[in-house]
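1. no letters, just coordinates:
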Ligand code: HEC
Ligand code: HEC
C-alpha cells in the first residue's frame, strides 16, 4: 500500500493549494533572473557596525517595529479551524485521494481530528468545497509543522520539504482517477491553478521553501477589486527563480510586531495569514467568510510555546553564557527569563550582511505586487511594507530551528557563531533524528565543491551551495570576536531558551 509519507504523488501538487499565503510574504528575486541556471550570489556585505552610542559604548543599530492592534481570537477555535477548515477552498476530490492512499500511519496523524480528517496525514484537510464536492487539500502545516526529537511539532517550520520538482504533471495525472463530472470540474480548477503557478515555485535545493515567490504569481492572476481569477495574468509575472527561504517557527509570532523575515507584514496579522488561501478564493465574499475566523487562527499561532530542549544542559556554563549573550547579543535579540524583553528591530542589510536577495524586492516586493495587496481586500486592514533589512528574531526554541539564517544557509549554531567555520557546500541526510547536540543543529557533511561537481541529480538537489543566488552564508559575524570558550557558553545558554 502506498502511504503519503513515501509518495509525493498527491503531496507535492496539493501543497500548492495553500501556497498562496505564506508567500504573501514578500520576498524578492533579483529581476531578470529567469533562467534555470541561476547567476552566482553576490554574497553578503559585511559591515563593521554602526557608530557606538555615546552613553553605553554599544553600537546602536536597527529600526524598532511598532506594535499595531490585532483582532482578538480564541486559540482553541483557531486550532480546530487550522486543522479542519476549508480555507484553501479547492483541492483534489476525496475519491481520487482515497483511491491512491490508505490511512496515514499513526505518527503522521493529528490529535483531535475526527471523521475523514482523523486518518489523513497532518498536512492534509478534507472538506466540502463550495461546489459541493468533498476534496482534500494541503493545509498550513505542510510547511508549518516539523519533526524534532522524534516528535511532530505544530508550528515548527519544516526544514525537509522538497520543492525541486514541477508539480503540474502529477496534478494532471490525478485526473485519470476521476470520472464523475462534478469531481472532474473541481479537479480541473485545482490542476489549472497549479499549472499557472508551477513555474514560479520551484527551488534548486531540498529543504528550502519557495513560498515567498508565489504571492506575486497569484496576485498577477487575480482582479484586485473582485478577487476573480484570470487565466491570463493581469500583471507581469515574477521571475521563475524562487529565492530560498527557511520556514520560520510560528511561536515567534507571540513577540513579533511584524510578519516575515523582512518585517513586511504590517497591520492585522490574521488578514495577512488568511491570504494563504488565495489560490482558490475567487470572490470578496469568500475571502470575508475565511477572514471571519482567521483571528482565531492567529490567536492559536500566538499561543504556541517553543519546544523545550530535551538533552542535558550544563547549568553553570549556561549561566556564564547568559552573561556573554546579554553583553553581545541582547541589544538585537532581547533578554529571556524573568523580566524578558524583545526590541522588535529591523537590522539594515549592510549592518547584518546576510544574503540580501530576499530583501531587495525586484519580484514580490516590486511595487506592482505590494500595490496589488495594499489596494485589495487584504489591504483594508493590513499592509505589505518591505524593508531593506532583516528582523533580529526572538531566539526562543532556537535549538530546534536549524538550519539558520533566513535562507537556511548555516547548518548549526556553532557555525553561525564562528563564520570561518561555515561550510560553503554541505549536505545532510534530512533525517530529523540526525541532530548534533554539541554544535546545535543538523549533522552535515561539508563538501569540497558545489552542485556543478555532482553528476547525480538526486544528490545535487541535496547539496546546499552557498554560491547560488539567494543562498549566501555571509554576514551575521557577531559571534566571531568571541573566543571558543565564550561561544561554547553562549551555545549552552541558547539551549535554555
Ligand atoms: C508552502 C509553504 C507554506 C505554507 C503552506 C504556509 N506558509 Fe506560512 N510561511 C512560509 C514561509 C517560507 C514563511 C516565511 C516567509 C518570509 O518571512 O519571507 C512563512 C511565514 C509565515 C508567518 C510569519 C512568521 C514570522 O516569524 O514572521 C506566519 C504567521 C505564517 N507563515 C502563517 C501561515 C498560515 C496561517 C498558513 C496557512 C493558512 C501558512 N502560513 C501557510 C511557508 C508557508
Ligand atoms: C546587530 C544585531 C544583531 C546582533 C548583535 C546579533 N544578532 Fe543574531 N541576528 C540578527 C539578525 C538581523 C538575524 C536574522 C538574519 C537573517 O536571517 O538573515 C539574526 C539571526 C540570528 C540567529 C538565527 C536564527 C534562526 O533561526 O535562523 C541566531 C541563532 C542568532 N542570530 C544568534 C545571535 C547570537 C548568539 C548573537 C550574539 C553572539 C547575535 N545573534 C547577535 C541580528 C543580530
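-> Structure's in. What do you need? As the structure is a prediction and not an experimental result, all values here were calculated from the model. Ligands and ions are numbered 1, 2, ... in the order given.

2. which helices and strands does whichever strand or helix holds residue 285 pack with?
-> Residue 285 is part of helix 284-303, with elements assigned from DSSP states H and E. Using 3 or more Cβ pairs under 8 Å, 6 or more residues apart in numbering; DSSP states H and E, the elements in contact with helix 284-303 are helix 75-84, helix 269-274. Using the backbone N, CA and C atoms, a C-beta is placed for each residue, glycine as well.

3. what are the buried residues along whichever helix or strand comes after that helix?
-> Where DSSP H and E defines the elements, the next helix or strand beyond helix 284-303 is helix 315-328. Neighbour counts over helix 315-328 (16 or more other Cβ atoms under 10 Å) mark 317, 318, 320, 321, 322, 324, 325, 328 as buried.

4. do the helix or strand following helix 315-328 and ligand 1 meet?
-> Later in the chain than helix 315-328, the nearest helix or strand by DSSP H and E is helix 330-333. No. Applying Cβ under 6 Å from any ligand atom, one finds helix 330-333 separated from ligand 1 by no less than 13.7 Å.

5. contacting residues around stretch 426-438?
-> The contact list for stretch 426-438 (Cβ atoms under 8 Å, 6 or more residues apart in numbering) reads 146-150, 160, 206-207, 311, 402, 411-412, 414, 441-447, 459, 462-464.

6. just to be sure, which of these are found in strands?
-> If you go by DSSP state E, the contacts of stretch 426-438 have 146, 147, 148, 441, 442, 445, 446, 463, 464 in strands.

7. any idea of the pLDDT on the last one?
-> Pointing back at residue 464 there. pLDDT for residue 464: 98.

8. so what pLDDT did the residue nearest to the spatial centre of the chain get?
-> The centroid of the chain falls nearest to residue 247 when counting by Cα atoms, centre = their mean (2.6 Å). pLDDT recorded at residue 247 is 97.

9. from residue 359, how far out is the closest residue to it other than its chain neighbours?
-> In this structure, residue 247 finds its nearest non-sequential neighbour in residue 157, 2.9 Å apart by Cβ to Cβ, 6 or more residues apart in numbering. Distance from residue 157 to residue 359, counting by Cβ to Cβ, to the nearest Å: 19 Å.

10. one more: residue 459?
-> In terms of Cβ to Cβ, residue 459 sits 31 Å off from residue 359.

11. the two - which one has more neighbours?
-> residue 359 (26 against 12; other Cβ atoms under 10 Å).

12. pull out the buried residues from stretch 209-228.
-> Counting neighbours by 16+ other Cβ under 10 Å, stretch 209-228 gives 209-222, 224, 227 as buried.

13. out of those residues, name the ones that lie in helices.
-> If you go by DSSP state H, the buried residues of stretch 209-228 have 214, 215, 216, 217, 218, 219, 220 in helices.

14. which one of those sits closest to ligand 1?
-> The shortest approach to ligand 1 among these belongs to residue 214, at 7.5 Å (Cβ to the nearest ligand atom).

15. thinking the residue nearest to the centre of the chain is in contact with residue 141, fair?
-> No. Using Cβ atoms under 8 Å, residue 247 is not in contact with residue 141, being 10.8 Å away.
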